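In: Mind folding the following:
(chains A and B)
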Amino acid sequence: MTAPAASSAIAAQLIALFAVLMLVLQLLLVGQRMLLTSIRLFALQSLFLAGIAAVIAFFHGAFHVFVVAVLTVAGKVLFLPWLLDRQVRRMRIGQEIEPLLNFPTSMVVCAALTLFGYILARPFTALERLGNNTLAVAMALVLTGIFLMFNRRKAITQVLAWLTVENGVMLAAVALTTYGMPLVVELGIFFDVIVAVMVLGILVYRIRDTFASMDTSKLRQLKG
Amino acid sequence: MTLAPLILIPVAAGLACLVLRSHRLMAAVGVAAFAATLALGIRLLPDVIARGVVTEYDEFLSADALSTWMVLLVSLVSLGASLSAGGYFRRELAAGTLTAGRVREYYVLTPIFAAGMFFVVLVNSLGLMWFAVEATALSSVLLVALYNRPTSLEAAWKYIILGSLGLALALLGTVFVYAAAVGPHASEQLPSFNWSRLLEMAPHLDHRLMQLAFVLALVGYGTKAGLAPMHTWLPDAHSEAPSPTSAMLSGISLKIALYALLRFHILATACLGPAFSCNLLLALGLFSMFLAPPFILVQRNLKRMLAYSSLEHVGLICAGIGLNTPLTIFGALLHMGYHAAAKPVLFIAAGNIHQAFHTHEFRLIGRGLVKTLPVTAGLLALAAAAAVGLPPFGLFYSELTVIAGGIEAHRPVLSLLVLAALVASFCGLLQQFTRILLGEPTRGRLPARDTRPFDGMPAMALLLVVLVVFSVWLPAPLLTLLHQAAAIVGGKP
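Out: Below is the predicted model:
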């Protein structure tokens, strides 16, 4: 490690702070009732992910991580939220989110999942090199994200939940390897996520057209 | 230079279909592209046998025996599907169920879907392999939704949401493998993420990370491969897609996801020893095999029943690999090939039946297909006989190989379980097929219009001829290739 000890301690603290803020935003997302606010919360969460990458790039002088940070800002903080926002407004989707489980129950489930994330990450704390418990936060993001996918009826909120799972996976990559994955792989993942949201957007549009609703619990015809 | 064109030719074909005007020309472009990739695959075969591994661009692309086998299967199934697509969509357009724009969508996305599959099997980096698997999911989901019916949108939504969730977990597994490769001392010099390089260092990788990575890959890629209990999207997507797409989804796409899982399995075996990943594969494989027969028996819809039969076959392939003897792995790989040739024929025939009766419901199709649609019914019967595993066809031989290999490895109980599941699905499929094929056609349920008897004939004939020829005669190079591939999966001696 080329950076002096003092600055790398600051880096570790910043990363831990950003990671915890990502988790806080995830929990706010679970409790959020308004669709447009949820999109902003996701954008903010992605901003902190980009922040972590930027901190690593700055303190360790790794250029390719800086590219990842810029891509995250461009894609997940600006473009995707803009795309989702526009779709919500154009299609005049109702603002209420209508979760399947009510708010207190969801919070209890998410607390349990966060705890489970910590337990899952415990054997690997020896391998972590960035701050404390970054991996545990990442696992918690993945688990609560999956819960969020099943706890939402509206198609767009499921897409949003999937994106938070993706954020968790990227955080895990940073937590375990410091520099993330090779740039070409990161580019591939970035491209896939963008295209995935666009494809999902097309489907949401068509579902809305056909069912006059975005409620995926109405997609119940195929059985057995 | 054979690897790069395998990926670029289908991409070029897909892009060409964006600008072409006539549907006939688009269909011809698709057929030509896959004929070319098949030829390239055959040309690749002796090179791979002689040298073991063929690489290009500084090992960015690499083909060993296992990937070459998959290249041949992707080419064959895609060629069959595109041969049938021209006539199928012409008739759909005439019937007014699809618009010209949607048909163009099919011709553009199908080669890109196939290119994604070629990329999965040829790329060396595990991270880019994930990228390619996700790309196949994204390019095929709009094909599933092609008809824009409420049911097909539902199927597409389930497919993409479950698929993406599964693939997010597979990505996490991929991250863990990479973390294991980076090791406890991160430096800015990133280690290579190439599979071949990972295999060399596998024995020294962190065991707990590799265990978690394999479990995540199993759940993730297993979802895409349609393994039970993550298979719930499979019957919906396979039954709602247009027939040529169903043929590709069932015939090859499932096996491509399985291939990705196999690459993790080989790494996990090299790191943890065979027991861990083999037992997991065996458990999920057997579970899929036992889950399928009851669903086959209660199905009222032809294409859904065919999808559940695919579940059975994927289960058998997994079980064969999980038993982990040279013979069972050889049988499982062989089974991939025979299933890839047989299942598309069934889906293309189902497409013909749908165009004649406007339904896939057994009740509405009624009895006596041999009288009402003699040619389609004849080919359907042949492919059905192959799919249930009746003797002159190869699937009988490959199933027998898996069971015999299991008994030889002193695991008679597991072999008997495999046999029991196969017999159960055999009975189920036979009962269902005889219901629609034989008997007297009910009056008033005759086809809504006269169909030309040779619809989809070239594609079905090609696949059936390949199936029959290779069932009785496996040429020496192909046999060597399969043995080499089995050695790769089973760990080098």
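In: tell me the pLDDT at residue 153?
Out: Going with chain A. Note for A:Arg153: predicted pLDDT of 77.
In: if you could check chain B rather than the one you did, that'd help
Out: 90.
In: For B:Leu282, see how far away it is.
Out: 36 Å (C-beta to C-beta, to the nearest Å). For the C-beta atoms, the positions are set from N, CA and C on the backbone; glycine is no exception.
In: Ok, A:Glu186 next?
Out: Distance, A:Glu186 to B:Leu282, by C-beta to C-beta: 35 Å.
In: Low-confidence regions, chain B specifically.
Out: The model of chain B has pLDDT under 70 over residues B:184-190, B:443-453, B:491-493.
In: what about the residue nearest to B:Leu98 when sequence neighbours are not counted, which helix or strand?
Out: Distance criterion C-beta to C-beta, 6 or more residues apart in numbering or on different chains; nearest residue to B:Leu98, sequence neighbours excluded, is B:Glu92 at 4.7 Å. Using DSSP states H and E, B:Glu92 sits in helix B:65-95.
In: what does B:Gly315 give?
Out: Per DSSP H and E: B:Gly315 is located in helix B:302-323.
In: As PDB, could you dump the C-alpha coordinates of stretch A:153-172?
Out: Extracted in PDB, the C-alpha atoms of stretch A:153-172 (Å, rounded to 0.1, in the frame of the first residue of the first chain):
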ATOM      1  CA  ARG A 153     -46.500  -5.100  -6.300                       C
ATOM      2  CA  LYS A 154     -45.800  -2.400  -8.800                       C
ATOM      3  CA  ALA A 155     -43.500  -3.500 -11.600                       C
ATOM      4  CA  ILE A 156     -41.300  -0.400 -11.300                       C
ATOM      5  CA  THR A 157     -40.700  -0.900  -7.600                       C
ATOM      6  CA  GLN A 158     -39.600  -4.400  -8.300                       C
ATOM      7  CA  VAL A 159     -37.100  -3.000 -10.800                       C
ATOM      8  CA  LEU A 160     -35.900  -0.600  -8.200                       C
ATOM      9  CA  ALA A 161     -35.500  -3.300  -5.600                       C
ATOM     10  CA  TRP A 162     -33.400  -5.400  -8.100                       C
ATOM     11  CA  LEU A 163     -31.200  -2.400  -8.600                       C
ATOM     12  CA  THR A 164     -30.500  -2.200  -4.900                       C
ATOM     13  CA  VAL A 165     -29.500  -5.900  -4.900                       C
ATOM     14  CA  GLU A 166     -27.100  -5.000  -7.700                       C
ATOM     15  CA  ASN A 167     -25.700  -2.100  -5.500                       C
ATOM     16  CA  GLY A 168     -25.100  -4.600  -2.800                       C
ATOM     17  CA  VAL A 169     -23.200  -7.000  -5.100                       C
ATOM     18  CA  MET A 170     -21.000  -4.100  -6.300                       C
ATOM     19  CA  LEU A 171     -20.300  -3.100  -2.700                       C
ATOM     20  CA  ALA A 172     -19.300  -6.700  -1.900                       C
END
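In: does chain B sit close to it?
Out: Yes: Stretch A:153-172 reaches chain B (C-beta under 8 Å from any C-beta of the partner chain) through A:Ala155, A:Gln158, A:Trp162, A:Val165, A:Glu166, A:Val169, A:Ala172.
In: In strands only, show me the residues you listed.
Out: Among the residues of stretch A:153-172 next to chain B, no residue falls in strands (DSSP state E).
In: Make TSV from those residues and add distance to B:Lys371 and neighbour count to it.
Out: Shown next, in TSV, are those (distance: C-beta to C-beta, whole Å; neighbours: other C-beta atoms under 10 Å in any protein chain shown):
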residue	distance to B:Lys371	neighbour count
A:Ala155	46	24
A:Gln158	48	24
A:Trp162	50	24
A:Val165	53	24
A:Glu166	54	26
A:Val169	56	24
A:Ala172	61	25
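In: For the residue nearest to the spatial centre of chain B, which residues are in contact?
Out: For chain B, B:Ile252 is the residue whose C-alpha lies nearest the centre (C-alpha atoms, centre = their mean; 2.3 Å). Going by C-beta atoms under 8 Å, 6 or more residues apart in numbering or on different chains, B:Ile252 touches B:Leu73, B:Val74, B:Val77, B:Ser78, B:Met117, B:Ala340.
In: What is the burial count for the residue lying closest to it once chain neighbours are set aside?
Out: In space, B:Ile252 comes closest to B:Val77 once its chain neighbours are excluded; the distance is 4.2 Å by C-beta to C-beta, 6+ apart. Neighbour count for B:Val77, taken as other C-beta atoms under 10 Å in any protein chain shown: 27.
In: cool, and B:Gln431?
Out: 11.
In: And it, how close does it get to B:Thr376?
Out: Distance, B:Gln431 to B:Thr376, using C-beta to C-beta: 20 Å.
In: try B:Leu25
Out: Noted for B:Leu25: a distance of 27 Å to B:Thr376, by C-beta to C-beta.
In: show me the contacts for the residue nearest the centre of chain A.
Out: Closest to where the C-alpha atoms of chain A average out (C-alpha atoms, centre = their mean) is A:Thr164, at 2.2 Å. A:Thr164 sits next to A:Gln26, A:Leu29, A:Phe42, A:Gln45, A:Leu141, A:Thr144, A:Gly145, A:Leu148 when contact means C-beta under 8 Å, 6+ apart.
In: which stretches of chain A aren't confidently modelled?
Out: Applying pLDDT under 70 to chain A flags the ranges A:1-6, A:94, A:126-132, A:212-214, A:223-224.
In: Does stretch A:55-71 reach chain B?
Out: Yes: counting by C-beta under 8 Å from any C-beta, chain B has neighbours in stretch A:55-71: A:His60, A:Gly61, A:Ala62.
In: that older thread, run a quick neighbour tally on the residue nearest to B:Leu98.
Out: Neighbour number of B:Glu92 under other C-beta under 10 Å is 22.
In: I'd say it and B:Ala100 touch.
Out: No: B:Glu92 lies out of contact with B:Ala100 (C-beta atoms under 8 Å); the separation is 10.7 Å.
In: can you pull the contacts of the closest residue to chain A within the stretch 301-450 of chain B?
Out: Relative to chain A, the nearest point of the stretch 301-450 of chain B is B:Arg304 (7.4 Å; C-beta to the nearest C-beta). By C-beta under 8 Å, 6+ apart, the contact set of B:Arg304 is A:Gly224, B:Pro235, B:His238, B:Ser239, B:His360.
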